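# how would this look folded up:
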Amino acid sequence: MTVRLGIPAALLYYLHYPAWHSFFSALGVEVVTSGETTRDILDLGIREALADACVPVKVYFGHVMALREKVDYLFIPRMVCTNGETTYCPKFLGMPDMIRHSLTDLPPIIDVRLDVREGWTARWQACRQAGRALGADAWTINRAFFKALAAERCHHRLLQAGYQPPEAIKIIVHGRGGRRTGPKADPPGDLVFAVLGYPYAVHDRYISVGLLPKLRKMGVRVLTAENLPYKALMRQNLDFDKRLFWTYSDLCIRATEYIFKKGGVDGIIHLTAFGCGPDSLLDKFMEMKARKQRSIPFMSLTIDEQSGEAGMVTRLEAFVDMVRRKKGAAKGA
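Reported below is the predicted structural model:
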């Protein structure tokens, strides 16, 4: 009987799932995900997670609960550092422990630790630990590791070509549309917006209240931080006394600086989650940069478990209309 491994479709899923899926599939394991976030999944998470946790953590709890009776193992890695410089938010570091001590009747959890500051073999060591937990031999683990690296490179190429993470996952994992790596054919639109924020908030259609599809329907083409050149982002001079400590906060502020310097967009939207400490600090830094630049309109949208579609649409329509009028007036002048 094939072993079934569950991977919650939240938090790290959007940027790492293609590599994880490739690795575990090469081990002969059936990978099962919890699917897209729904109201039922969010309600499960709200009931079990700490009341003061941010909404992405509550969503993750719900996805774990949706999987726990369907799989033999759960994969919940302990992500610490993947770039040698910044650290992931404490919710990533402590997620395996939070899940174990909050939920009952769970299958065994594979909670490998990944910190590349421990040496250049850290990623391989993490994969070896996960493979051994599933009973795989060394040769099979090595082969699976290189397949995961190939899937990761393909995922990165698709993001750089303009695809968003959910679209890239469908292409790589589900084979929808073939293994495309050319530029994405964007729908027509007279405006281009950069939607910045943590990927697990921006790309979760439920908790973001379908922000990206709504903008496209309004005639807006969308860029996210995942579409921007990573090496160029890392070269940005932020004029801070020190680098932001948290990985996704650092990436987002660098994307903000890059866009303000390079231009090419008509507006910037920051999607922030209520209850997230690092995000509240990040939002203030982004707002301060926007006030200094004044060249590109900036808006911040806050989401939580009670976010409604009507209020989101009203604010989006007003912002899009304002930017469109501003752009039209500039052309007329």
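# how is the chain carved up into domains?
The chain is divided into the following domains under automatic domain parsing: 4-172, 191-332.
# lowest average confidence across those, which one?
The stretch with the lowest mean pLDDT among those is domain 191-332, at a mean of 85.
# and that one, how far out from the chain's middle?
In terms of CA atoms, centre = their mean, to the nearest Å, the centre of domain 191-332 is found 14 Å from the chain centre.
# helices along the chain, start to end?
If you assign secondary structure with DSSP state H, the helices in the chain sit at 13-26, 39-48, 55-67, 90-93, 95-102, 122-133, 138-160, 165-172, 199-202, 211-217, 230-234, 247-262, 277-293, 309-332.
# got the domains of the chain as CSV, with mean neighbour count columns?
Glycine gets a C-beta too; all of them are placed from N, C-alpha and C. Converted to CSV, the domains of the chain look like this (neighbours: other CB atoms under 10 Å):
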stretch, mean neighbour count
domain 4-172, 19
domain 191-332, 17
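# and residue 196, what is it in contact with?
Residues near residue 196 by CB atoms under 8 Å, 6 or more residues apart in numbering: 202, 224, 225, 252, 255, 256, 259, 268, 269, 270, 271, 286.
# any idea what the second one is bridged to?
The one in question is residue 224. Beta-bridge pairing for residue 224 (DSSP bridges): residue 195.
# pipe the helices of the chain into JSON lines and attach distance to residue 32 per row.
Supplementary listing: the helices of the chain in JSON lines, determined by distance: least, CB to CB, whole Å:
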{"stretch": "helix 13-26", "distance to residue 32": "10"}
{"stretch": "helix 39-48", "distance to residue 32": "15"}
{"stretch": "helix 55-67", "distance to residue 32": "7"}
{"stretch": "helix 90-93", "distance to residue 32": "21"}
{"stretch": "helix 95-102", "distance to residue 32": "17"}
{"stretch": "helix 122-133", "distance to residue 32": "16"}
{"stretch": "helix 138-160", "distance to residue 32": "17"}
{"stretch": "helix 165-172", "distance to residue 32": "15"}
{"stretch": "helix 199-202", "distance to residue 32": "19"}
{"stretch": "helix 211-217", "distance to residue 32": "26"}
{"stretch": "helix 230-234", "distance to residue 32": "30"}
{"stretch": "helix 247-262", "distance to residue 32": "26"}
{"stretch": "helix 277-293", "distance to residue 32": "30"}
{"stretch": "helix 309-332", "distance to residue 32": "30"}
